[in-house]
Structure formats: structure tokens, C-alpha cells
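Engineer: Could you look at this predicted model? Sequence included:
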Amino acid sequence: MPVAIGAQRASVIRDRGFTRRVVAIIGSAALLAIAVQLAPVPAIAPARATSAAVPKAVFIVGPTSGLTNSNLADAEKMAEQAEAAGMEVHRVFFPHATWDNVLANIQNANLVVYMGHGYGWPSPYTKELTESRQDGMGLNTFDGSGQSDYTYYGASRLRESIHLAPNAIVYLNHLCYASGNAEPGMAIPDVGLAEERADNMASGWLSIGARAVFAYGWWQRLNYPAALMTTNETMDQLFMTPASGGAAGSPAGYTNWNESRSDSTRTPNATIHLDPHKKYGYYRAVTGDLSMTAGDWRAEATGTIGGGGNSQAGPPQITSFRAAGSTTGDDLAAGNPPSFHPNGDGIDDTLVLTHTLTRAAHLDATVANSSGTIVRRYSVFAETGTSTSTWDGRNDAGSVVPDGRYTLTYTPRDDSGATGSPVSVETLVLTAVKLGKPSSIAFFARDADETAQQAVVTVTVSEQASVSFKVVNSSGKVIRTVRPLTAAAPGTLKFSWDGTREDGSWAADGWYQMLVTATTSAGSYSQARGVYAGAFRITPSISSPARGNSLTLSMTSTESLSAPPSVQVAQPGLAPWTATATRIQGKKYKITLSLKPGGNAGTLVLDVTGVDKNGGTQDTKLSLTLR
């Protein structure tokens, strides 16, 4: 809210271990400065208790060179909206937006708003995803550092140190890469690349408790704090709120132009919804459980904050503690602990630890090797009940530990310093092989032309190991052994699959796993990459459509087509009929079919057929249950 230049507005918020004084100096024309001062309170802080629980909202603004002041202004505007809506607001603003100050405020937040640099992936700066730096936040390198002095804390750092409240919402504004576009001046990406960027940026936040991640390039006209506190709209409905007035049709609200929906490849059961702009590209995205309502968010937010603290007698205790690593290989001896593989390929790079607490506590962790030497110490905060934390396989120096067995011990500690009983789990760190991504996510070899003939993956072997490579179908059955388990020296191996089974026949269209297994003296493990063999990837809007209703098919062609594909529809008891799809973008097509009301229930067969640019015929059949 504008005031005369030089006027001040101050508020004091008490948080665990900190008293935070927020002073905003706002000019009538522009925001001049916002400062956050953090000062320690006595070691034994009084427990925070409120008569009525309210959502906790944390606003973070990192250094962004010449855009820092405008980001501060936008964040302050939204923070004031949150305060007006009745939320407990924490500001961690430049030039005090350090990693330590973020951690002191963000734990168990219900709403996180971050404005600053976005270092996402894919980007032109790295050849592979590097989650220690990418898909997180750009923060002050040290308290008081300048607008162009920042350090990136990526998705793996979020997983290691932050735990949000269940059903939390994350709102990313003004970040590069977060909503699909890259950086100003760079080309607008195709929809596949935009989806990948939005998916990667959301994945870290979704893994630490968030249920929906909004990402916007522009400031949004919708008052999100008010909507969360007063409506019962779903996350998708909030996302699809159009801007009004002079901003109508801009990325300041829902544009409804060539929008796309897809399943997340990074987060199980999450959906990516992109809403591009015809001129500006991908400036609007939301990822997560889009069916969650604002009422769901309020129910969780008002039920988990306040009143807990140290009111219970006795120290906090961990009643359940377990590690969930990757599926072990066939040769791993029974009884060995779960393994994980911090080799940088993005597959099982972190160990997920699940713990159940009698009440909220800090968890002081140590990691010891097989000789009992402690190689890593860290602390995380966990609320009452069941939650998760992670270890990234690194020691205190930031290096990945050697392969072998490790013991993780967690000791719960409350704000007064009282500690509960320590609990431990064991894990195996195994990194002998690093599995690259397939040369293509999909291929189609049956037409015998020169296009999309096979999928190739590269396996980097870092130490002497026995290595096998197999192709597994969706039922877990091995349909092709490309390499049996044989010795391999350190170096690079390349494997290809042309879509054939062991007997040389073509495998059915569908998804397959390209599975590599490595065995060393430390243990055995398997990693897999998914690949699609077939002409079309087809996603129906309804898995069991009804006669007389409409059915929409979203289709991605493996090869470039000379014309949109046709769909032959075979309803039980009726003559087949054909319709033609519409090209959306690149190799993506869509068609809405009006199923006929007559005939019988049974199996609906949809045969999608097209012709590639070399004249080869492509076809994939999809069968659905017809009601």
C-alpha cells in the first residue's frame, strides 16, 4: 500500500529460535528498499501457541540484478494480500535472503512464494540435470550480498533440508525455465521441452510436501491468498482464472490458447498443465494434484499450525524409522539393506527416509561408514506424525561417498534441547554404473525406413563390474537380453534396441524399460529408462467411455507425418467409421470423437493410422472398455 516517501511500517514475528523484524520503506512511485533483520533469541524459546491456527505463508525474494526491486515490490504486494486474508506471513527478502534465513522460516510452510532467478533444465548451461544447483532457488551468497551476487540451491538441497506442510502450495513468479520458456531473447520451445522444464522445476518442491506448484513469468491478476482463504476452487480452476480489464488475454491470467496437459515423468500421479500465449510462449504452468481444492488446503493449513510446541511432557520420540531406496538387483543377497545410487543420472540419486514422531522436533542426523567413522552431519525439522527427509549420498565436504554400507542415525530434539532416543537404519551406496537417457523417448522400426529405427542408451561404468542389459515389458517380463551379465572394465558402453523380441518378432506397441544391472563386491543394483516402441502414443480423456458420449484422444506421433492421422472407430455391433485428427503442434495431434449411442457394450477399438514423410505407413491400435 503506497505511503509517503520515508514513512515506515514495521511488524514483529516470532519463529523458532528467531525474532524477525520486517521494515518496508515504500515510495508512492516505486519501492525503495525492503530489509529483513534476524536476531537470535535466548536458547530456550517459549513455545509458540495460538488460539486459532492460521496458514503459514513464506515469501522469499532473491537477488536478480536489475529486476530485484520490481520483484521486491511484487512480493510485498502479495505478502500484504496474505496478511489481509489472515495468514501468518514470513518475509525473507533481499539482501538477507540467505539459505540459512530461508531454512529458519520455511519449515512446515503452507504457502511458499519465491521470486528470483530460476536455473532450470534443460538449459544451455549443462549437458545433464544437476539438481544440486538446478530447479530450486537463487539466494544471497551471504547476508547483505549485492543484487548480482547469488548462489543456487537446487532441488536436491530442497529435499535434504526442507519439509513443507502437507498440501502446501508453492508459487513461483518471474523465474526463467519454471513455466516452460527459457530466458528472455531465447526461442520459444516446443510443448515437449516446455513440459520437461516445468516438470523438473516442480519436482523438488513436490517431493518435500507441496501438492501443487504454480509457475508464472508475469505477475498474476488473481489474488491467490484471498482465493485460497475464501473459495473452494480446485488448483486447476484457480490456474484457469482469466485476467480482466486491460490485461485480458495476456499471461497475467488464463489465455486458453493451445493449452496442454500431460502426466509428470518426475512425480508420480502429478499432472502438468501449460497455458501458453500466442506471442510470448510458455509463461504459465501448474504441476501437481490439480484436483486439490482451496478447501483441502485450508483444512490442512488450519489443522497443523500452532498449539503443539513443547506442551507435551517428555522429549520427542521417533516411533518408526525406515529407508526406502531402489529395488535391488537379482544378485543382491537377501537381508541386505535398500540401496541408492548418487551417480548423477537422476535415478534413485537420493535415499528417502520416512519417520514418525510423537511431536514436532529437529532431527539431528549422522551418517557413518562401515568402519564407524562419521562422514556426514546434518539436521532437518519434522512435524508431528509421519514425514520424510533425504540423504544425497554426500559427505560433509560435499563429495559423494565411496560405495559401501552406511548407517544413518537420527536423534530427535525439541526447541528446549531435550532429546529422545536415537534410531538407525542401514543403506548401501552403489554407483558402479550411470545410465544415460535414451537417444529418443520413442521409436518406430516396423516401417523399415531410415527414421526412428531404434533407441540407444549410454552406460558409464566407473569401476570394474559385471554388467547386463535387458528390455522388460510393462508386466516385468524380459523380452530381450541385449547383454548377459558379463565383466566390464571402467569406460563407456552403448546399447540399442530396435523393437524386436528375442525371437526376432516385433514387440507390441507400448512402453518398455531398458534395464541395466551392475554387480560389484559391494552389491548389485538395477536402473531403468522408459522408452516407447510404436507409431503413436495415445492418451484418452476417459479410460472407459460410454456410448453416445464424447471421447478425446491426445496423440503424439513418433515420426513426422505428411498429414494428420486418421482414426478408425470400431464400436461393437456397429459398422466402423473414420475421422481425421487435428494437428496441435509439432508431432502432437488431437481429436474428439462423438461415440454413437447404438450398438453394444464391450471393447472399443481405435486404430490410429498415418503416413510419415518418407511414405511409410504408421498405425497403433488402442482398446478401451465401452459402456
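Structural biologist: Sure thing, it's come through.
Engineer: Skip the chain neighbours and tell me the closest residue to the residue positioned nearest the centre of the chain.
Structural biologist: Centroid-nearest residue in the chain, with C-alpha atoms, centre = their mean: Ser203, separated by 1.0 Å. Among residues not flanking Ser203 along the chain, Arg266 sits closest, at 3.8 Å (C-beta to C-beta, 6 or more residues apart in numbering). To be clear about C-beta, it is placed using only N, CA and C from the backbone, and glycine gets the same treatment.
Engineer: Next: Lys494.
Structural biologist: Thr458 (5.4 Å).
Engineer: Gly598 now?
Structural biologist: Leu574 (6.0 Å).
Engineer: pretty sure the one you found is in contact with Leu595, am I right?
Structural biologist: No. Shown here, Leu574 and Leu595 do not form a contact pair, counting by C-beta atoms under 8 Å, at 9.6 Å.
Engineer: Those two: who's more crowded?
Structural biologist: Neighbours per residue (other C-beta atoms under 10 Å) separate Leu574 from Leu595, with Leu595 holding more: 20 against 15.
Engineer: So, low pLDDT: which residues of this structure?
Structural biologist: Applying pLDDT under 70 to the chain picks out residues 1-52, 303-313, 325-335, 448-452.
Engineer: biggest helix in it, by residue count?
Structural biologist: helix 68-85 (DSSP state H).
Engineer: The next helix or strand after that helix to helix 68-85, inter-axis angle?
Structural biologist: Using DSSP states H and E, the next helix or strand after helix 68-85 towards the C-terminus is strand 88-93. Compare the direction of strand 88-93 with that of helix 68-85 by axes from the mean of the first three to the mean of the last three C-alpha atoms, to 10 degrees and you get 170 degrees.
Engineer: and the next helix or strand after strand 88-93, C-alpha only, in PDB?
Structural biologist: Next helix or strand after strand 88-93 toward the C-terminus (DSSP H and E): helix 99-106. Extracted in PDB, the C-alpha atoms of helix 99-106 (Å, rounded to 0.1, in the frame of the first residue of the first chain):
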ATOM      1  CA  TRP A  99      20.000 -20.200   2.700                       C
ATOM      2  CA  ASP A 100      20.200 -20.200   6.500                       C
ATOM      3  CA  ASN A 101      17.500 -17.500   6.800                       C
ATOM      4  CA  VAL A 102      15.200 -19.400   4.400                       C
ATOM      5  CA  LEU A 103      15.600 -22.600   6.400                       C
ATOM      6  CA  ALA A 104      14.800 -20.700   9.600                       C
ATOM      7  CA  ASN A 105      11.500 -19.600   8.200                       C
ATOM      8  CA  ILE A 106      10.300 -22.100   5.600                       C
END
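Engineer: Paired strands for the next helix or strand after helix 99-106, with orientation please.
Structural biologist: Next along the chain after helix 99-106, taking DSSP H and E as the criterion, comes strand 111-115. Strand pairing for strand 111-115, using DSSP bridges, gives strand 56-61 (parallel), strand 168-173 (parallel).
Engineer: any chance of these in JSON lines, with mean neighbour count and distance to Ser566 too?
Structural biologist: Formatted as JSON lines, the strands paired with strand 111-115 follow (neighbours: other C-beta atoms under 10 Å; distance: least, C-beta to C-beta, whole Å):
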{"stretch": "strand 56-61", "mean neighbour count": "26", "distance to Ser566": "51"}
{"stretch": "strand 168-173", "mean neighbour count": "26", "distance to Ser566": "41"}
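Engineer: would a markdown table of the ones you listed with distance to Lys588 be doable?
Structural biologist: Listed next are the strands paired with strand 111-115 as a markdown table, based on distance: least, C-beta to C-beta, whole Å:
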| stretch | distance to Lys588 |
| --- | --- |
| strand 56-61 | 35 |
| strand 168-173 | 25 |
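Engineer: Determine which of these approaches Asn140 most closely.
Structural biologist: Evaluated over the strands paired with strand 111-115, closeness to Asn140 peaks at strand 56-61, with 9.9 Å, by C-beta to C-beta.
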